[in-house]
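1. Using only what follows, build the 3D model:
(one chain, ligands or ions: 1)
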Amino acid sequence: MSQLPEPTHFRIRFLPAVICLNSLFDSSREYGWDASILMEPDCKRRKTKEPKDACSWQVVPVLSERELQSVTLMPVYAAAVLDKKEASRLVKEVSAIYPLGDYSHLKRVRACGSANSLHSLEMILCLADGKGKALRTVSELFPNSQLDLSGLGEPFLTQVPLNPPLTRLQYEEAASHWPVTFHENKRISQALSGCLFTASEKASMQCHMELAIQAAQRGARQGMRPVGAVVVDPATERILAVGHDCRDGVNPLLHAAMVCIDLVACGQGGGAYRYQDYPGCTFLPLADSLDQSSSCTDGLPYICTGYDMYLTREPCAMCAMALVHSRIERVFYGAPSPHGALATKYHIHSRKDLNHRYEVYRGILEDQCRNLAQISILE
Ligand SMILES: [Zn+2]
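-> Modelled structure (predicted):
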């Protein structure tokens, strides 16, 4: 996938002073929607005390392909260290001749686990790539008396991990082949063990996804596909936009995620479409979201810089790329889709060859989101 062109829609940084709270209510009267849901998040109204973590759903991180893949191995030449007293010198001298370079995750020496072994240590001599992977003698690997061979056994070929481990699972698999260093990403580990989010945060997630589900239902009542989306500023917990799929045969691009990004743009004084025919599609005008200033201080922000999107269904490739362009911070979705471009295929959120990446979590109210697919059949 080639480098993305720069997005054409930048978030407007300065708002006209005339845009104020009144315009929100003017808009609500004009479009016939309930502005109060954007003024005060539903979850805040309900939150009277710290909720118990009794969710029937799990937040599951959608990792990158690199984090999910199994360990790839590569061949190296290793040898026994016959005299432990020589180990330190051998490591120093061998490392000077054959530095591990890009493979610094490999530990040079490992303890020999076999009880029947005559030696207790083994060490990597050099990579076997480019050397024909044939068994070589130690004098072939270290010609011209480069190395004092005292205490070193004959070389043997073995397999070691090609890449540094990114998750604890990868680390455990890698270490079963050869000792490696592991710089644990605590955030990933916490997410995988279900400890990343507090009960209060999960309650907020549920409220936001409930709003997306309601939007999907409103859209379905107008004959749209039952998919809903919500954009939230996590710094303020304000709901910036609520939208649903608006493909009604007129515009095939108006998937729920595309609609919701455009609604955020509408709130910033831009936007490509108008949604007066869709009362389920709403946005918070910029005046009311500007008190979040952090994202406006570090360079020009994009439409969704620092924001979260909740989607009832895993986004397709077009929407996932639109989320890249809009610089979304995190995406939470409920149900998987066979055309999904995050966990199902492509992993667009985490590709190294794109110029923005975002975190993705799935499983929020998954059953309810899956059930949305039945609406168009029942109604
Ligand atoms: Zn889509």
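2. So what sits opposite the spatially most central residue of the chain in the bridge?
-> The centroid of the chain falls nearest to Glu359 when counting by CA atoms, centre = their mean (2.8 Å). Under DSSP bridges, the beta-bridge partners of Glu359 are Arg330.
3. Val60 is in contact with that one, correct?
-> No - judged on CB atoms under 8 Å, Glu359 makes no contact with Val60 at a distance of 12.0 Å. Just so you know, the C-beta spots here come from the backbone N, C-alpha and C atoms, and that holds for glycine as well.
4. Got the confidence number for the residue nearest to the centre of the chain?
-> On pLDDT, Glu359 comes in at 97.
5. quick one: it from the ion, how far?
-> 19 Å (CB to the ion, to the nearest Å).
6. For that residue, give me its contacts.
-> 61, 329-331, 349 (CB atoms under 8 Å, 6 or more residues apart in numbering).
7. Please apply the same query to His347.
-> His347 touches 62, 64-65, 341, counting by CB under 8 Å, 6+ apart.
8. Tell me where the stretch 1-150 of the chain is predicted with low confidence.
-> 1-54, 113, 115, 130-133 (pLDDT under 70).
9. check contacts around the closest residue in space to Ser95 that isn't next to it in sequence.
-> Using CB to CB, 6 or more residues apart in numbering and skipping the chain neighbours, the partner closest in space to Ser95 is Arg108 (6.4 Å). Residues in contact with Arg108 (CB under 8 Å, 6+ apart) are 91, 94-95, 100, 123-124.
10. and which of those is nearest to Cys55?
-> Leu100 (45.4 Å; CB to CB).
11. Can you name the residues of the stretch 251-379 of the chain sitting close to the ion?
-> Taking CB under 5 Å from the ion as the contact definition, the stretch 251-379 of the chain meets the ion at 255, 316, 318-319.
12. So which of these wins on neighbours?
-> Of all those, Cys319 has the most neighbours under the rule other CB atoms under 10 Å, reaching 29 neighbours.
13. The host helix or strand of that residue packs against which elements?
-> For Cys319, the element it lies in under DSSP states H and E is helix 317-326. Packing partners of helix 317-326 (3 or more CB pairs under 8 Å, 6 or more residues apart in numbering; DSSP states H and E): helix 256-267.
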